[in-house]
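> Predicted coordinates and the sequence they were generated for:
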Amino acid sequence: MLSSLVFLVGALVIASQVFRFLEFLWFYLLKPSSVQKYLHGPAPYAIVTGASDGIGKAVAHELFAKGFNLIIHGRNEDKVRKVVDELKTRRSGDVRYFIADAAKGGHDFTQLIKPFADLNVTLVVQNVGGAYMAKERIDDSSDTALVELVAWNDFFPLLLTRALLPKLRTTAQHGPVLVQFVGSHAATAAPPTLSVYAATKGFLAVLTRGLDNDERRWGTPSGVEFEYLAVASVATAGNPQNVTMSAPSAEQFGRALVNKAGCGKRYYTPWMAHAIMVWAVGLLPEGVVDGFVAQMMRKQHEERQKKA
Ligand SMILES: NC(=O)c1ccc[n+]([C@@H]2O[C@H](COP(=O)([O-])OP(=O)(O)OC[C@H]3O[C@@H](n4cnc5c(N)ncnc54)[C@H](OP(=O)(O)O)[C@@H]3O)[C@@H](O)[C@H]2O)c1
């Protein structure tokens, strides 16, 4: 009797691991992209924040190539206009933009998006964000630096989403609408000197689930969906390093991000090598992971100091 029970439990554990592995292969290697489902209605638009460089710029290029019109955001008008011009040489879609420093408070979000009020926005990529790579703990940071870090990563995407939501719900009556928050694996690893940045991304992860529940389970489902993207290293201006399998270029990562949009998961890692790393790290005790991450941060700070 006991041996049959042990056998049954063993078989169930193995079957669930095999299922997880097959699901992993399906998700990263075989599943067709679902992003086309957001190309509905008259002239569909995607909004991409922080799109003058890095991941946001790569995502904007990828979405434009897929047929979306664009509303891109940045803080430096010359740089944003350069991206608009680059995009317009690719094909004849519409590209608009707005300028706002996400780290500064006091924006009137209703006014910011007013010029786009009549457009058919079906996809929003809340990408703007980042960290100040300083060798500091919170008591070495100024109040202003900490408040700006939270505004940049949390308040800006939160308040922009709030301002967009009523119109997104109307659009969702005719087809699905997606809001994505670009997060970070820092939210789970919480590296030293990046504790507040990590916490801001943790906020976005919880916000994603809550907003998705608001739209699906509070009243009639609105059709507006939310996704949190857990991102590890990507070689960009914000994270300058060599391109490797585990640190793709912004273009490689942007392609993966767009291909996975609307994949049906609420929280996922768009880049396969990042997912493998996270799985492997998950097998280790927390103390070992914390020690390893602290060592990595020390090395990164040393390298930055040498380059400075
Ligand atoms: N790269 C990574 O390894 C990595 C890892 C995990 C998560 N992420 C997340 O991915 C997102 C994009 O990162 P990235 O590496 O592509 O960054 P990036 O190369 O530094 O580019 C960020 C974009 O945001 C804009 N931006 C920066 N600060 C801004 C502000 N205060 N107001 C308005 N716009 C601002 C930049 O404008 P300018 O062109 O004017 O600088 C640029 O267009 C962020 O949310 C980041 O937290 C990145």
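Great, that's in hand. Residues are numbered from 1 along each chain as shown.

> Gln126 and the ligand: what is the separation?
8 Å (CB to the nearest ligand atom, to the nearest Å). Using the backbone N, CA and C atoms, a C-beta is placed for each residue, glycine as well.

> contacting residues around whichever residue of the stretch 201-308 of the chain sits closest to the ligand?
Going by CB to the nearest ligand atom, the ligand is nearest to Gly238 of the stretch 201-308 of the chain, at 2.6 Å. Under the criterion of CB atoms under 8 Å, 6 or more residues apart in numbering, the contact list for Gly238 reads 53-54, 130.

> Kindly recompute the last result at 10 Å.
For Gly238, the contact set (CB atoms under 10 Å, 6 or more residues apart in numbering) comprises 50, 53-55, 129-131, 133, 250.

> What of Pro192?
135, 137, 198, 290, 293-294, 296-298, 301.

> swap in His61?
48, 51, 70, 83, 86-87, 90, 250-251, 254-255, 258.

> Neighbour-wise, which one of the contacts of Pro192 leads?
Ala198 (19 neighbours; other CB atoms under 10 Å).

> that older thread, how about a markdown table for the contacts of Pro192, with secondary structure and pLDDT added?
Formatted as a markdown table, the contacts of Pro192 follow (DSSP: H, G, I helix; E, B strand; the rest coil; pLDDT from 0 to 100):
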| residue | secondary structure | pLDDT |
| --- | --- | --- |
| Lys135 | coil | 81 |
| Arg137 | coil | 91 |
| Ala198 | helix | 98 |
| Asp290 | helix | 96 |
| Val293 | helix | 95 |
| Ala294 | helix | 96 |
| Met296 | helix | 92 |
| Met297 | helix | 93 |
| Arg298 | helix | 94 |
| His301 | helix | 88 |
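
> Redo those residues as a markdown table? Include distance to Ala145.
Formatted as a markdown table, those follow (distance: CB to CB, whole Å):
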| residue | distance to Ala145 |
| --- | --- |
| Lys135 | 13 |
| Arg137 | 12 |
| Ala198 | 16 |
| Asp290 | 24 |
| Val293 | 22 |
| Ala294 | 22 |
| Met296 | 23 |
| Met297 | 18 |
| Arg298 | 21 |
| His301 | 17 |
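
> What's the separation between the most centrally placed residue in the chain and Lys135?
Geometric centre of the chain, nearest residue: Val182, 1.4 Å, by CA atoms, centre = their mean. According to CB to CB, to the nearest Å, Val182 and Lys135 sit 25 Å apart.

> before we move on, what about Trp218?
Trp218 is 44 Å from Lys135, by CB to CB.

> re the thing from before, of the contacts of His61, which ones also sit close to the ligand?
51, 250 (CB under 6 Å from any ligand atom).

> any idea which of the contacts of His61 is least confident?
The lowest pLDDT within these belongs to Arg90, which sits at 94.

> Excluding sequence neighbours, find me the nearest residue to that one.
Phe64 (6.2 Å; CB to CB, 6 or more residues apart in numbering).

> As PDB, could you dump the C-alpha coordinates of the helix or strand hosting Val196?
Here Val196 sits within helix 195-217, counting by DSSP states H and E. Output in PDB follows, covering the C-alpha atoms of helix 195-217 (Å, rounded to 0.1, in the frame of the first residue of the first chain):
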ATOM      1  CA  SER A 195      16.900  48.000  -3.000                       C
ATOM      2  CA  VAL A 196      14.500  50.900  -3.900                       C
ATOM      3  CA  TYR A 197      14.700  50.200  -7.700                       C
ATOM      4  CA  ALA A 198      13.900  46.500  -6.900                       C
ATOM      5  CA  ALA A 199      10.900  47.600  -4.700                       C
ATOM      6  CA  THR A 200       9.600  49.900  -7.500                       C
ATOM      7  CA  LYS A 201       9.500  46.900  -9.900                       C
ATOM      8  CA  GLY A 202       7.800  44.800  -7.200                       C
ATOM      9  CA  PHE A 203       5.200  47.500  -7.000                       C
ATOM     10  CA  LEU A 204       4.500  47.100 -10.700                       C
ATOM     11  CA  ALA A 205       4.300  43.300 -10.400                       C
ATOM     12  CA  VAL A 206       1.600  43.600  -7.800                       C
ATOM     13  CA  LEU A 207      -0.100  46.500  -9.600                       C
ATOM     14  CA  THR A 208      -0.400  44.300 -12.700                       C
ATOM     15  CA  ARG A 209      -2.200  41.600 -10.900                       C
ATOM     16  CA  GLY A 210      -4.500  44.000  -9.100                       C
ATOM     17  CA  LEU A 211      -5.400  46.000 -12.200                       C
ATOM     18  CA  ASP A 212      -6.000  42.900 -14.200                       C
ATOM     19  CA  ASN A 213      -8.400  41.700 -11.500                       C
ATOM     20  CA  ASP A 214     -10.100  45.100 -11.500                       C
ATOM     21  CA  GLU A 215     -10.800  44.800 -15.200                       C
ATOM     22  CA  ARG A 216     -11.700  41.100 -15.300                       C
ATOM     23  CA  ARG A 217     -13.500  40.500 -12.000                       C
END
